[in-house]
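**Student:** pasting the sequence and the predicted coordinates here, then a few questions.
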4 protein chains.
Amino acid sequence: MGNFKGHALPGTFFFIMGLWWSTKCILKYVCRKQNRTCYLSSKALLRRAEIWEGIVIIFMALTGMAGEQFIAGGPYLALYKEGQWNQLLGWHHTTMYFFFGLQGVSHILSFTISSLPVSLSKLMLSNAIFVESFIFYNHTHGRQMLDIFVHQLLVFTTVLTGLVAFMEFLTKNNVLLELLRSSLIMLQGTWFWQIGFVLYPPSGSPAWNLEDQDNKLFLTICFCWHYASTFIITGMNYAFITWLVKSRLKRVCASEVGLLKNADREQESEEEV
Amino acid sequence: MGNFKGHALPGTFFFIMGLWWSTKCILKYVCRKQNRTCYLSSKALLRRAEIWEGIVIIFMALTGMAGEQFIAGGPYLALYKEGQWNQLLGWHHTTMYFFFGLQGVSHILSFTISSLPVSLSKLMLSNAIFVESFIFYNHTHGRQMLDIFVHQLLVFTTVLTGLVAFMEFLTKNNVLLELLRSSLIMLQGTWFWQIGFVLYPPSGSPAWNLEDQDNKLFLTICFCWHYASTFIITGMNYAFITWLVKSRLKRVCASEVGLLKNADREQESEEEV
Amino acid sequence: MGNFKGHALPGTFFFIMGLWWSTKCILKYVCRKQNRTCYLSSKALLRRAEIWEGIVIIFMALTGMAGEQFIAGGPYLALYKEGQWNQLLGWHHTTMYFFFGLQGVSHILSFTISSLPVSLSKLMLSNAIFVESFIFYNHTHGRQMLDIFVHQLLVFTTVLTGLVAFMEFLTKNNVLLELLRSSLIMLQGTWFWQIGFVLYPPSGSPAWNLEDQDNKLFLTICFCWHYASTFIITGMNYAFITWLVKSRLKRVCASEVGLLKNADREQESEEEV
Amino acid sequence: MGNFKGHALPGTFFFIMGLWWSTKCILKYVCRKQNRTCYLSSKALLRRAEIWEGIVIIFMALTGMAGEQFIAGGPYLALYKEGQWNQLLGWHHTTMYFFFGLQGVSHILSFTISSLPVSLSKLMLSNAIFVESFIFYNHTHGRQMLDIFVHQLLVFTTVLTGLVAFMEFLTKNNVLLELLRSSLIMLQGTWFWQIGFVLYPPSGSPAWNLEDQDNKLFLTICFCWHYASTFIITGMNYAFITWLVKSRLKRVCASEVGLLKNADREQESEEEV
């Protein structure tokens, strides 16, 4: 991770996942509110989407692990070399990716094996995020002030995200908690990019003074602006999906499931009891 | 904010909002307990009040932001000037006001767009307060002991307020939690005034010794007295509103909604099931 | 409080209240389990007991406040004297007692005024305990190591007690939470005595070395033993009350409410639905 | 505890308990899902298992206490000897074991005395774990960096475990919370072994450099790997038990309770309402 790309990669991963989670939970919520018949027909589709989500997460985790291990000058799976630990920071990142991979596996399992509780995936997500916090908390020994500060903010975000994910696990089906968690994941993604820009300015930009107190004060509000922008992205996403569902999907659904309508409605009213 | 007025302004804002929230939730609670018929008729009124509340919050936030930016010697929207950051503390306060503005917007949206969950407003309030805590926590680098202490107490209050607001978001309709949150907001308001008096004594008063340990001990209990006084204000407010509802509103309501009575009652008993 | 008696007094108060709360909640629980008919008849009795509880708490708080203010060499209600703060530590204790008095008042109000929610008393208890924590946390500046440590343990206990009381406020009718809170209050009471013995050894005992690390290690386990003993006291209390209710009260109740039996049972079964 | 065996003993105890708890709760969950008739018949068996569990815990606690006190060079129940405290660290461990013994007693009581709430055992478990955290937190004064760090991780694990156990106490019957707690207990067990290996390397291995920052970075990820392995153990346990219940127990149960079937089913369906 010790360069710009090493921060841009996880940043992109987290941002994409945050955006997808936010889209998924808005879609579910709006569908349930707007056109009930469509909801049932898309259940199978959503289940397939969940499995694809798991596969994508595992793929991202494997990419991250491979990138950390087999990059030029990386540890190449050697933990102990020539009488001392070998590139432990790279191993830290590998471990972090591994727990997200574990989450992906448990996500797939909880949607394919019916005897497993569905909330297992939520618990493992919360776990993976807490492990990430733990690792980043013990990660920045002996670095410069601003370097520590940006990583502290990352730990702060991840701890909050983990708490929200855990609350989701305990109290099921709160759409706002899911959106909050997605926003925090997006914030984490954009903040990874910010860290990349601060610590490894891309060619051409001047380096930041890592001991300047003013930079710290600026990054404090910069962090808040990132957070505000995730809210605005979520809000626009919500407006867009509501519009889409209202105008398009309703028509499609109506024709598709026209025949099943009456049967479905009865089934639904039973489920709601 | 670097003067007495800069602290009195947010202090007044927070105190007014705390008092209004406390009044609103007592009114709702007493109405529901005392005269049920009136409650329905005032529902539309309460909804209009909520929208006005949102508008007032946005107005306060805009006032605060304008005050911070366009005061004599303020940053005038310039973030970076002459090779260094420009008045970051002012930008901190602007960001803080911005999140409260965001809360006002989401408050209006959640009461006008029916598909949005009403608790969105609670979540955004809790968010705005946590962002405020975060900003004030990273705000007092290198100041004097007492200056840091009074701001720490502010952060302490806001973190508690944010937690209570978040609990409200999770467990709906607990009148005591709402009153607790209102009290804490009032406490924050009066404490802003206290900070103003301590750091920028109005003309005539002697300056406080910002390194004296005894002053810290005094401000500790002073903070508790502020807290106790918010309880007493809330208690008196409760007694006053109960008396008002019992003596006045009942009569008014009785005449106003006399004709609708029977229909309403039936509707209500259905709602309660 | 700066002597042995000043710590023994609140210690006794807290221990008595802890024991009473533990007794009350065991009595309620056992009665509800054992003989249902008796429960109703004792409802009025319990309500009267609650009001007496409030009066006793107010009396204790007033005693404490008077003791702190009008003891020989106390502040005598003078906050500012001869150009400096006057005995602020005494004022700290007065403030602490005041909040417990407020709890007593709200306890009486919540059981006499029917429109007030009963859980108000729980909330105010949690508040009073948190204020106590806050005051003791800002209380020990510049003292010796062991002095700070025993007060830290006190703050630790009170924060936990406040949290448990707050949880009780949120989740009603959990007998074990009530017992846990009572145990913690008893622990606080006995720990006040322990502080008295450590800091102001009664005549005859040698003074403790307040900078010795071994004393700290000892007080750590001593604290655990206090905690264990509150469990054993609660357990013996439970066994005693169960035996008492089974052998005695049942007979008394049976004769007292014999005539009301059938009517009550019907009423009860309705309430349980 | 000041040697390898002193860490291997509690490590083994915790690992066995974690594995047993994990097995118990998976067994209960799978039984409830798979074959309902068998569940009832095993209720008596489970109750007997619970009592045996309590006895085993008490036995473990007594072993631990005896080992700490009567080991060669131990305190032999003398708390104060020759004018100073006698081996307080040994007394710390004795106190820790004592609270687990208390948990065992309350576990047996809550399953034999019907008037006691069953969740008492959960509360006492959470208590015992929190007391353990408290003791270990005040345990490592003046030691070397890595020694403190591995104990901090232990405290971190125990605090988390205590929180999860407390949540279990509040929200009953969440299988994933129980599995999480079991995993954390197993993690604690294996981490005790790891501490033994780090601080007292068995004969032949070189000693660790207790001031080396790299060792700290390694132990950070090592801790995560321990955690990951408890997940994998739990997952394999789950797969194994599911397979066992499906293939074996069903057959056994079917023959055993064949006659009771119809009656049981009716009873069950009533319980579920």
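**Tutor:** Thanks, I have the structure now. Numbers count the residues shown, from 1 in each chain, chains lettered A, B, ... in the order given.
**Student:** leaving out chain neighbours, which residue sits closest to the residue of the stretch 151-273 of chain A found nearest chain D?
**Tutor:** As assessed by Cβ to the nearest Cβ, chain D sits closest to A:Leu170 within the stretch 151-273 of chain A, at 6.8 Å. Heads up, the C-betas are built off the backbone N, CA and C, glycines and all. Residue nearest to A:Leu170 in three dimensions, not counting chain neighbours: D:Thr171, with 6.8 Å by Cβ to Cβ, 6 or more residues apart in numbering or on different chains.
**Student:** the one you found - how many residues pack around it?
**Tutor:** Around D:Thr171 there are 11 other residues, counting by other Cβ atoms under 10 Å in any protein chain shown.
**Student:** what's the distance between it and B:Ile135?
**Tutor:** 35 Å (Cβ to Cβ, to the nearest Å).
**Student:** and if you look at A:Leu160?
**Tutor:** Taken as Cβ to Cβ, the spacing of A:Leu160 relative to B:Ile135 amounts to 16 Å.
**Student:** now the spatially closest residue to A:Ala61 that is not a sequence neighbour: how far from D:Gln69?
**Tutor:** Sequence neighbours aside, A:Gly101 is the residue nearest to A:Ala61 in space, at 3.3 Å (criterion: Cβ to Cβ, 6+ apart). A:Gly101 sits 47 Å away from D:Gln69, taking Cβ to Cβ as the criterion.
**Student:** stretch A:52-68: how far from the chain's middle?
**Tutor:** 12 Å (Cα atoms, centre = their mean, to the nearest Å).
**Student:** between A:Leu160 and B:Ile135, who's got more neighbours?
**Tutor:** Between A:Leu160 and B:Ile135, counted using other Cβ under 10 Å, the more crowded position is B:Ile135 (23 against 18).
**Student:** is any residue of the helix or strand hosting that one near chain A?
**Tutor:** Per DSSP states H and E, B:Ile135 falls inside helix B:120-137. Yes: remark: helix B:120-137 sits within contact range of chain A at B:120, B:123, B:131, B:134-135, by Cβ under 8 Å from any Cβ of the partner chain.
**Student:** number of nearby residues for the residue of the stretch 51-200 of chain A found nearest chain B?
**Tutor:** In the stretch 51-200 of chain A, the residue found nearest to chain B is A:Leu176; the distance is 5.3 Å by Cβ to the nearest Cβ. If you count neighbours by other Cβ under 10 Å, A:Leu176 ends up with 18.
**Student:** so which strand or helix has it?
**Tutor:** Assigned by DSSP H and E, A:Leu176 falls in helix A:175-199.
**Student:** and that helix, how far out from the chain middle?
**Tutor:** 8 Å.
**Student:** do the same with stretch A:61-80
**Tutor:** Using Cα atoms, centre = their mean, we find the averaged C-alpha position of stretch A:61-80 to lie 22 Å away from the chain's own average C-alpha position.
**Student:** what residues does that stretch touch?
**Tutor:** Surrounding stretch A:61-80, the residues in contact under the criterion Cβ atoms under 8 Å, 6 or more residues apart in numbering or on different chains are A:1, A:6, A:9-10, A:13, A:85-87, A:90-91, A:93-94, A:96-98, A:100-101, A:104.
**Student:** kindly report the same for stretch A:13-23.
**Tutor:** Taking contacts as Cβ under 8 Å, 6+ apart, the residues outside stretch A:13-23 that touch it are A:53, A:57, A:60, A:64, A:178-179, A:181-190, A:192, A:230, A:233-234, A:237, A:241.
**Student:** change it to 10 Å
**Tutor:** Contacts made with stretch A:13-23 from outside it, assessed by Cβ atoms under 10 Å, 6 or more residues apart in numbering or on different chains, are listed as A:49, A:53, A:56-57, A:59-61, A:63-64, A:97, A:100, A:125, A:132, A:157-158, A:161, A:178-193, A:230, A:233-234, A:237-238, A:240-241.
**Student:** which among these end up buried?
**Tutor:** A:53, A:56-57, A:60-61, A:64, A:97, A:100, A:125, A:132, A:157-158, A:161, A:178-193, A:230, A:233-234, A:237-238, A:241 (16 or more other Cβ atoms under 10 Å in any protein chain shown).
**Student:** what angle do helix A:120-137 and the strand or helix carrying A:Arg48 make with each other?
**Tutor:** In this structure, A:Arg48 is located in helix A:36-70 according to DSSP H and E. Going by axes from the mean of the first three to the mean of the last three Cα atoms, to 10 degrees, helix A:36-70 is angled at 30 degrees with respect to helix A:120-137.
**Student:** quick one: neighbours of the residue of the stretch 151-273 of chain A closest to chain D, just the number.
**Tutor:** Residue neighbour count, defined by other Cβ under 10 Å, stands at 19 for A:Leu170.
**Student:** A:Leu19 now?
**Tutor:** If you count neighbours by other Cβ under 10 Å, A:Leu19 ends up with 18.
**Student:** per-residue pLDDT, it?
**Tutor:** According to the model's per-residue confidence, A:Leu19 sits at a pLDDT of 96.
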